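# give the three-dimensional model of this entry:
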Amino acid sequence: MKLVDVFLCCVVLISVSLSAAPIPLAQKRYPIKVKEQICLFPYESSDDLMAKNEAIERVVLAIHSSSYDAKAYYDNATKAMQMANADNHKCLIIAPHFLSEEILNLLSPEAQGKKDYLRWELRPFWGTSRGIYNGKSVLISAYDVIDQILSHVVVSGNFPNLKTVIILGHSAGGQLVNRYAAGNDFETTIARPRNIAVKYLVMAPSSYVYFTPERFVRTPNSHFEIPVNPPAGFNNWGYGMENLFVYHKNRRITPEMMQKNYAAKTILYLVGQKDKDPDDKSIGRSEAAMLQGRHRLERGRIYFDYLVHLFGPEIKNTQRFVAVPDVGHSGRGLMCSVTARLFIFGNINPAGEKDFPSDSENKNYWDKKTLGIDKIPDKDENLLQTN
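Have a look, this model is predicted:
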């Protein structure tokens, strides 16, 4: 991460600390294995992960933004479920709490002095393995944590009727989901062999991971090419495929594997139509970040155009970009949108059918008549606060 991005992050965190209520530490603890050690990881969930529950058919893993408020994103997912009229007895919501040292002073006072929960020396969203537990360094990535939690859910036998796993994240959480989708082996080695579908919802991240050194070139005939005299590190992991992290190296995950696997993923990208402030202080503004676009909405559109450029129009059979009307940079606004609710809770992926019906270029795939969702409103009212 560039120094300018770190500075901007600190500015945002300082402003949050001066104006916001303390961040509540998630109440539950999951035992994460780090070699021979057990590290307790904070999370929220709607049901007991260690108890058998034959009713559960769907798991929603909701990852918070750089607000670091897992409880807020648990509540967002719960609200979206309620608005979708989904059966709460069949849905397990999990909200992991990925904390970094830089924000511990923003936690509630009773949580600040504790050391018995896993966190990271750096911001964990790109998968750093510089973990901390009980004041000592541990080699563990946020991606490892997701792997272990979801593998337990799938393999333990506690949820024998599980059919679908949805991994979603907003803002910094969207950065995590985009990069986790690119590099994880949970889907290919754990979920798919057990006929469990995995879907990813990437919402309004500051940046995306590219699979080649190509970037968007703004010309009369806009296209993608390798930049001339690009900034140093523009294609390092996080922005690109160079200098991969420990997580990838331990699993022998290569750039070629990630590019090939990503094309087969089911992914929805959401950005609010109003999330287009070029002066947004919360987005990465390093030279490498600015190669992706001027603001979040533009970066999302460019990234999806890049995916079509890289993989061909066939990518639209399993992946889509949608700009959500009347929403800015709001986690709740995006998660509770018609599009997100349909993707997370809608029954549009029965056996033998694709997630996305075929459509023309000028027809929104979540069209009510196509999918029979007449009872879901077109707009969400009073849900546009930023999380």
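# strands of the chain, start to end?
Taking DSSP state E as the test, the strands found in the chain are 28-34, 37-45, 58-63, 91-96, 119-120, 130-133, 136-139, 164-170, 197-203, 215-217, 223-225, 266-272, 319-324.
# now tabulate these in CSV and tack on mean neighbour count.
The C-beta positions use only the backbone N, C-alpha and C, and glycine is treated the same way. Below are those laid out as CSV (neighbours: other CB atoms under 10 Å):
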stretch, mean neighbour count
strand 28-34, 16
strand 37-45, 19
strand 58-63, 26
strand 91-96, 25
strand 119-120, 22
strand 130-133, 20
strand 136-139, 13
strand 164-170, 26
strand 197-203, 25
strand 215-217, 19
strand 223-225, 13
strand 266-272, 25
strand 319-324, 21
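# generate a markdown table for those strands, with distance to Leu104 and mean pLDDT as supplementary columns.
What follows is the strands of the chain, written out as a markdown table (distance: least, CB to CB, whole Å; pLDDT from 0 to 100):
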| stretch | distance to Leu104 | mean pLDDT |
| --- | --- | --- |
| strand 28-34 | 17 | 97 |
| strand 37-45 | 12 | 97 |
| strand 58-63 | 19 | 98 |
| strand 91-96 | 17 | 98 |
| strand 119-120 | 7 | 96 |
| strand 130-133 | 10 | 96 |
| strand 136-139 | 16 | 96 |
| strand 164-170 | 21 | 98 |
| strand 197-203 | 26 | 97 |
| strand 215-217 | 36 | 94 |
| strand 223-225 | 41 | 94 |
| strand 266-272 | 30 | 96 |
| strand 319-324 | 33 | 94 |
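# out of these, the one nearest Arg285 is which?
Among the strands of the chain, strand 215-217 comes nearest to Arg285, with 15.7 Å by CB to CB.
# and the closest one, which strands flank it?
Applying DSSP bridges to the sheet, strand 215-217 is found paired with strand 223-225 (antiparallel).
# what does the partner strand contact?
Glu214, Arg215, Phe216, Val217, Asp305, Tyr306, His309 (CB atoms under 8 Å, 6 or more residues apart in numbering).
# check stretch 176-195 too.
Applying CB under 8 Å, 6+ apart, the external contacts of stretch 176-195 come out as 63, 98, 124-127, 142-143, 146-147, 150-151, 154-155, 165, 167-169, 197-198, 200-202, 205, 208-209, 211, 238, 244, 247-248, 251, 253, 258, 261-262, 265, 267.
# looking at these, which are in helices?
Among the contacts of stretch 176-195, DSSP state H puts 142-143, 146-147, 150-151, 154-155, 247-248, 258, 261-262 in helices.
# which among these end up buried?
With burial judged by 16 or more other CB atoms under 10 Å, the buried subset of the ones in helices among the contacts of stretch 176-195 is Ala142, Tyr143, Ile146, Asp147, Leu150, Val154, Tyr247, His248, Met258, Asn261, Tyr262.
# distance to Asp326 and pLDDT for those residues - can I get that in CSV?
Converted to CSV, those look like this (distance: CB to CB, whole Å; pLDDT from 0 to 100):
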residue, distance to Asp326, pLDDT
Ala142, 32, 98
Tyr143, 34, 98
Ile146, 31, 98
Asp147, 36, 98
Leu150, 33, 98
Val154, 37, 98
Tyr247, 37, 97
His248, 39, 97
Met258, 35, 97
Asn261, 35, 95
Tyr262, 30, 97
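# residues touching the residue nearest to Phe343 when sequence neighbours are not counted, list them.
Excluding the flanking residues, the one nearest Phe343 by CB to CB, 6 or more residues apart in numbering is Leu268, at 4.9 Å. Contacts were defined as CB under 8 Å, 6+ apart; by that measure Leu268 touches Lys199, Tyr200, Leu201, Val202, Gln319, Arg320, Val322, Thr339, Ala340, Phe343.
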